[in-house]
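1. what's the 3D shape of this:
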Amino acid sequence: MSYIKKYLGNEPHLITSSDIDDFILRKIEENSDLDYKQIEAFDNSDELAKDICGFANLDGGLIFLGISEKREGRNKNLKIFPEKIIWGNISKEKETLENRLFSRIKPRLDFKIYPIRNSSLDGVMFIIEIPNGKEKPYWCKQGFYKRRNFKSELMDYDEIKNMFLNRHLQKQKILDEFIYPLKSHIINVLNYLNEYEQYEYFDIKKFVDSHSSLLFQLDLNLVDFIYDLIRLLKIRYESYKAHSSVSIYLISNNFKSLVEERNGVYERNKQIVKVRAKYVHINTNIQNFIILLDNCLLRKLSPRKYLNNSNDVREILEINYFLPTVPVKNDNTLSEDQFETIWKQIIIDAKNDVVFKNIWNSVDEIHSTCETIIESLDEYI
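-> As a prediction, the model looks like this:
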């Protein structure tokens, strides 16, 4: 649960000044994940950066920039509560604050700043949500700070050393258990994609889901690309499962008139044309081969071009086309020209079919997404 959801019970974009007023009435004391600051701190970026680092080096937290403090007690008994909203001038911009803070915190930390505006008073305040840092320790120019109770305090040597050691060990764990295996999965996707073979999308989904604790230590944009790839592979997988039966229908439908003309039996869900090939294999053996027309159609290739593109074929000796449901006496063979004329129409029909559209149109998008993911993964290596 986000800290905004924890304290305000709503999504950031839905929060209003009334929600802040209600929050103040609850009188929640400052603690290790909650801080109140006057709006004047907007112009003290060094101090804000120190407090943000303090939260990130612990477990994250929330800063209300524009709420005054009410102090009760002293020394060890001191407690700090929210008092009221102090609105800043509406000219204060979130982007200005972000740029100042991002430049003061190393390594980069993806905190979020949400402006809360009051149109009637022409004022603004800000909520800064800091995540539990993934690359601790975080540094600002004053040094390494960590949140303790309601203050940010300098970390000692052992704390800093241990955080650097943990960062190194965690990075190596992410590399060995997630990034290297994921990259291998992505390369397999590309190889299958280039060959128009089907890569089982749930293989990569199962891997990602089982490593979610490591996944979400990566950049969130990369996480989005990974889940987008899984979505695209699922669409392709579901279309791919259907392509064989769709192929049979398209092929049978286009050869229907020729089969009936020769007194053959037409069945829309059965293959009514077959192609046999004899060729010289690369190891010099002569092979007889039944060409699967759904594989040819998937690649938008004729049977001859399909064989020519095969790495196993040294030389094509002959290709025979025939209609198995047509009696031999009625001539159940086809010339290559006859077949090619009908085949061209089948490809046109496939281009207008939603199943083949999903398969063919997904290639470029999946390829681009895979390349983006690999580039991002390489930045971690």
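
2. hey, where'd the helices end up in the stretch 1-150 of the chain?
-> 3-8, 17-25, 45-56, 94-102 (DSSP state H, counting those that start in this stretch).

3. surely residue 236 meets residue 359?
-> Yes - using CB atoms under 8 Å, residue 236 is in contact with residue 359, at 6.0 Å. C-beta here means a position set from N, CA and C on the backbone, and glycine is covered the same way.

4. Show me which of the two is the more surrounded one.
-> More crowded of residue 236 and residue 359, by other CB atoms under 10 Å: residue 236, with 25 against 22.

5. Which helix or which strand is home to that one?
-> Element membership for residue 236, per DSSP states H and E: helix 220-261.

6. now for that helix, which elements pack on it?
-> Here helix 220-261 touches helix 180-194, helix 201-210, helix 293-298, helix 336-351, helix 354-380, going by 3 or more CB pairs under 8 Å, 6 or more residues apart in numbering; DSSP states H and E.

7. The same query, at a cut-off of 10 Å, please.
-> helix 180-194, helix 201-210, helix 212-215, helix 293-298, helix 336-351, helix 354-380 (3 or more CB pairs under 10 Å, 6 or more residues apart in numbering; DSSP states H and E).

8. Give me the common contacts of residue 236 and residue 359.
-> Here residue 236 and residue 359 have 198, 243 as joint contacts, going by CB atoms under 10 Å, 6 or more residues apart in numbering.

9. got the contact list for the residue of the chain most remote from its centre?
-> What lies farthest from the middle of the chain is residue 329; by CA atoms, centre = their mean that is 58.8 Å. Shown in contact with residue 329 (CB under 10 Å, 6+ apart): 262-263.

10. What separation do you get for it and residue 355?
-> 37 Å (CB to CB, to the nearest Å).

11. Now do residue 171, the pLDDT please.
-> Residue 171 is assigned a pLDDT of 89 by the prediction.

12. any idea how far residue 135 is from it?
-> Taking CB to CB, one finds residue 171 at 8 Å from residue 135.

13. Need the residues touching each of these two.
-> residue 217.

14. now stretch 245-258: how far from the chain's centre is it?
-> Centroid separation for stretch 245-258 versus its chain: 38 Å, with CA atoms, centre = their mean, to the nearest Å.

15. got the phi/psi numbers for residue 326?
-> phi -90, psi 130 (degrees, to the nearest 10).
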